[in-house]
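> turn this into a structure:
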Amino acid sequence: MVLTHIGNSQPIYTHNQKVKELYVHADGRLIFSDINGRYYLIEQEKTTELSWLSSDMTLRKNDKTIIAHDLQNYYTLTDTISPLDIKIDRPQNYFFDNRHEYFVGHDKVHIRNIENKQTSSCAIPVFLSSEDILAAHQVNNKLFVLYDKGMTELCLDDFMYTQVANFVPTASLLYDDLTILIGSDMSGIWTFESDIFKRFFVQGVQFPLQIKSLSSIKDHILINSHDAGLQAYDVNQQTIRSISASAEDYDVDSWNVIYYCKDKQIHKYTALKNEKTPQITLTNISDGLKSYQSDMTLESGKNLIIHYQTNYPPAQKAVSVEYSVNNIWKTHKGDGPIILSGLESGDYIVHLKATHDGQYYSESEKIEFKVKGTPWKSIWTYLFSALILLLGLSLFFIYRNRRIMKDLDQQKKNIRQELEVLRSQQKLGLLQLSPHFLFNVLNSISGLVALNDNQTARRALNQFSHMMRSLLDNSDLEVIPIKEEIKFLNNYLDLELMMRPDAFTYNISADEDVTHIRPMLIQPFLENSIIHGFASLDRQGLLTCDILGKGQYIEVIITDNGVGRNAATNKKRKSNHQSKGINIIKNRLKTLDRKSAENHVQYTDLYDDNGSACGTKVLIKIPNK
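Residues are numbered from 1 along each chain as shown. The predicted structure follows:
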């Protein structure tokens, strides 16, 4: 047997030869090759040698399937091999990013848009061999290809652009809309932005030097290197964790489960899994003798046997299946098929769904069928049935009324519990925001002390004490009077003016029909305008805050005449600043309005007649109490 299964929570597959390459379908099926050039498929913990997959083929991966090519065609690998609907002269390589596929031919690179399938092509320069192309990326409508000397731009009519690197590139990743990350053989990770190579540096993070490959999942960058093995860099937390000290190759499925190989073993790593639910697929439906594809009509007295297959790579053993017969739900016990017996004549609808935690479920599979009835043989059967029906209806209505009352009591209890949970979540959000606010204010006051402006510092501390008193008074309240919130905002803005004399003027207004509002949702946006919008402004800032009643929402419109979001964003990027307060507010609003898909925070960039940035407008939609 080529493959054995060992381990429990993290399956490990052991091959009889060293595993060389690893490719994972979106559904978790895994294809690997060994040092002998043979390919194997792992599916549902079973392995099969893929003898039809030629050793002279090259395999690549996109986010949905595995792509193979030889010197004639490109193919997709599912259960079999199928040619792709694209014709390329002598295929050499295949690359993929979030928006495009890149097919490298003998003398051209063909680009296909993933959404609309439109295809274009660019000639490969004569100095560059198609076999030397390591990657392709489209940035700002420019097509760049990475090769062993650096980066070159294609599709230029009258000149050739090439940026030579002082390192040897080995891998790349489209980091954002403007930046490409590039791994090197001995010099770590670099960025390519605005036609310039720069070393990728994050304070306090030591990246490996000998990079083999780069990819990204769930706010993480996966880095495989010769000197540090397989690692995951958290972009938000700016930390790096080790997955394996040595990994020959790795790949990721649609659940963000990471599979990696070292020596003869294949490991599975689930710590970065996403929230995707299990899959369930119907494999066979029968009555024990006959399988059904269509015309689902059973003879009276027959059983319906439903065979299915579930798939959840993060924790297959945690998956359970629930099914309903005409909207009556049950949990299936055991791993065998679902058997429906004792079916009376009539029409039936069966639904199956899978879950791993009892809260989130897969899309349901639906089965519709009929059961033939047995003809009645005498009038006495009808009369007896009518009496039984009347008795049954009487008992049913008695039971139904009791059940309705019981359900109503349970619903009231559930609603009370949900309200308590929601209140707790809101208090947690406020607790998270308060330290952030306190830190920023105290940091500004400390700046006054450092400048020996003790008189202003004392006034600021006195103003700050009033704000602290307001925070403490409102800490247990879901909503507060609008006058209290405006008073708090005025105190805060006056405090900022003490520390930034004449830097800006402000005005706050509220509709008369707005009487109450949820606390501590507006201040972080005013702070954002002052700190980032007015910081480098060459004129006096103007800040307005209008609070409007709009039915189920209170709309807060904050407008400033600052430097604009682009300039502020560039400054924050240079200072490595992250606006945690704004993120906390967005999470609070989402929790308050969790049944709505509303975008609660909307930004509008303001420009003058010359097209220059002249400020920012923010619309905050706060659910009404």
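
> and the helices in the stretch 101-250 of the chain?
Here the stretch 101-250 of the chain has no helices by DSSP state H, counting those that start in this stretch.

> what ranges does the stretch 351-500 of the chain have for its helices?
In chain order, the stretch 351-500 of the chain shows helices spanning 379-450, 454-474, 482-499, with DSSP H, counting those that start in this stretch as the criterion.

> so which of these is the most surrounded?
Most buried of the helices of the stretch 351-500 of the chain, by mean neighbour count (mean count of other C-beta atoms under 10 Å): helix 482-499, with a mean of 18. The C-beta positions use only the backbone N, C-alpha and C, and glycine is treated the same way.

> quick one: contacts of it?
With contact meaning C-beta atoms under 8 Å, 6 or more residues apart in numbering, helix 482-499 is reached by 441, 444-445, 447-448, 456, 459-460, 463-464, 466-467, 470-471, 474, 503-504, 506, 508, 510, 514-517, 519, 522-523, 526-527, 530, 543, 545, 547.

> check stretch 191-206 too.
Contacting residues not belonging to stretch 191-206 are listed as 144, 150-151, 161, 163, 165-166, 175, 178-182, 187-190, 207, 233, 238-240, 576 [C-beta under 8 Å, 6+ apart].

> what comes up buried for that stretch?
Counting neighbours by 16 or more other C-beta atoms under 10 Å, one finds that the buried residues in stretch 191-206 are 191-192, 197, 200.

> can the residues you listed go into a markdown table with extra columns for distance to residue 499 and pLDDT?
Formatted as a markdown table, the buried residues of stretch 191-206 follow (distance: C-beta to C-beta, whole Å; pLDDT from 0 to 100):
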| residue | distance to residue 499 | pLDDT |
| --- | --- | --- |
| 191 | 36 | 95 |
| 192 | 40 | 94 |
| 197 | 41 | 94 |
| 200 | 36 | 94 |
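
> now distance to residue 58 too, for those, in TSV please.
Compiled in TSV, the buried residues of stretch 191-206 are given as follows (distance: C-beta to C-beta, whole Å):
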residue	distance to residue 58
191	28
192	25
197	28
200	28
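
> residue 480: neighbouring residues, count only.
By the criterion of other C-beta atoms under 10 Å, residue 480 has 18 neighbours.

> then residue 515?
Residue 515 - counted by other C-beta under 10 Å - has 13 other residues nearby.

> and it, what does it touch?
Going by C-beta under 8 Å, 6+ apart, residue 515 touches 481-482.

> how near is it to residue 480?
With the distance defined as C-beta to C-beta, to the nearest Å, residue 515 ends up 10 Å from residue 480.

> my guess is residue 67 meets residue 60, correct?
Yes: taking contact to mean C-beta atoms under 8 Å, the distance of 4.7 Å between residue 67 and residue 60 places them in contact.

> list residues touching both of these two?
94, 96.

> for those two, indicate the residue with more neighbours.
Taking other C-beta under 10 Å, residue 67 and residue 60 do not tie; residue 67 has more neighbours (21 against 15).

> using the three-state scheme, assign residue 75.
Local secondary structure at residue 75 is given as strand here, using DSSP: H, G, I helix; E, B strand; the rest coil.

> can you get me a residue count around it?
Counted with other C-beta under 10 Å, the burial measure for residue 75 works out to 20 neighbours.

> can you check the one 3 residues further on too?
The burial count assigned to residue 78 is 12, neighbours taken as other C-beta under 10 Å.

> which one is it nearest to, not counting chain neighbours?
Spatial nearest neighbour of residue 78, excluding adjacent residues (C-beta to C-beta, 6 or more residues apart in numbering): residue 65 at 6.7 Å.

> my guess is the one you found meets residue 74, correct?
No: taking C-beta under 8 Å as the definition, residue 65 is not a contact partner of residue 74, at 11.6 Å.

> what about the two, which has more around it?
A direct count of neighbours by other C-beta under 10 Å for residue 65 and residue 74 places residue 74 higher, at 21 against 14.

> residues contacting the more buried one?
Residue 74 sits next to 67-68, 83-84, 86, 88, 91, 94, 103 when contact means C-beta under 8 Å, 6+ apart.

> residue 354: what's it in contact with?
Shown here is residue 354, whose contacts under the criterion C-beta under 8 Å, 6+ apart are 277-280, 310, 312, 319-322, 361-362.

> can we see that at 6 Å?
278, 280, 310, 319, 321, 362 (C-beta atoms under 6 Å, 6 or more residues apart in numbering).

> give me phi/psi at the fourth one?
Backbone geometry at residue 319, expressed as degrees, to the nearest 10, gives phi -80, psi 130.

> okay, now residue 583: neighbour count?
Other residues lying near residue 583 total 15 when counted by other C-beta under 10 Å.

> show me which positions of the strand or helix carrying it end up buried.
Assigning secondary structure by DSSP states H and E places residue 583 in helix 580-592. Of all the residues in helix 580-592, those buried under the rule 16+ other C-beta under 10 Å are 581-582, 584-585, 588-589, 592.

> and if you look at stretch 151-165?
Of all the residues in stretch 151-165, those buried under the rule 16+ other C-beta under 10 Å are 151-154, 165.

> that older thread, would you list the contacts of residue 354 in CSV and tack on neighbour count, distance to residue 99 and pLDDT?
Listed next are the contacts of residue 354 as CSV, based on neighbours: other C-beta atoms under 10 Å; distance: C-beta to C-beta, whole Å; pLDDT from 0 to 100:
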residue, neighbour count, distance to residue 99, pLDDT
278, 24, 29, 92
280, 23, 31, 91
310, 19, 33, 89
319, 19, 34, 92
321, 22, 37, 93
362, 21, 28, 91
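
> pick the one among those residues closest to residue 51.
residue 310 (28.5 Å; C-beta to C-beta).

> give me the distance from the helix or strand harbouring the closest one to the chain's centre.
Assignment of secondary structure by DSSP H and E places residue 310 within strand 304-311. Taking the mean of its C-alpha atoms, strand 304-311 sits 30 Å from the chain's own mean (C-alpha atoms, centre = their mean, to the nearest Å).

> for the following helix or strand past that strand, which strands pair with it and how are they oriented?
Where DSSP H and E defines the elements, the next helix or strand beyond strand 304-311 is strand 320-325. In the sheet, strand 320-325 lines up against strand 328-331 (antiparallel), strand 346-355 (antiparallel) (DSSP bridges).

> then the first one to PDB, C-alphas only?
What follows is strand 328-331 as a C-alpha-only set of coordinates in PDB (Å, rounded to 0.1, in the frame of the first residue of the first chain):
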ATOM      1  CA  ILE A 328     -39.300  17.500  10.200                       C
ATOM      2  CA  TRP A 329     -35.600  17.700  11.100                       C
ATOM      3  CA  LYS A 330     -33.600  14.900  12.600                       C
ATOM      4  CA  THR A 331     -29.900  14.200  13.300                       C
END
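
> who's in contact with it?
Applying C-beta under 6 Å, 6+ apart, the set of residues contacting strand 328-331 from outside is residue 322.
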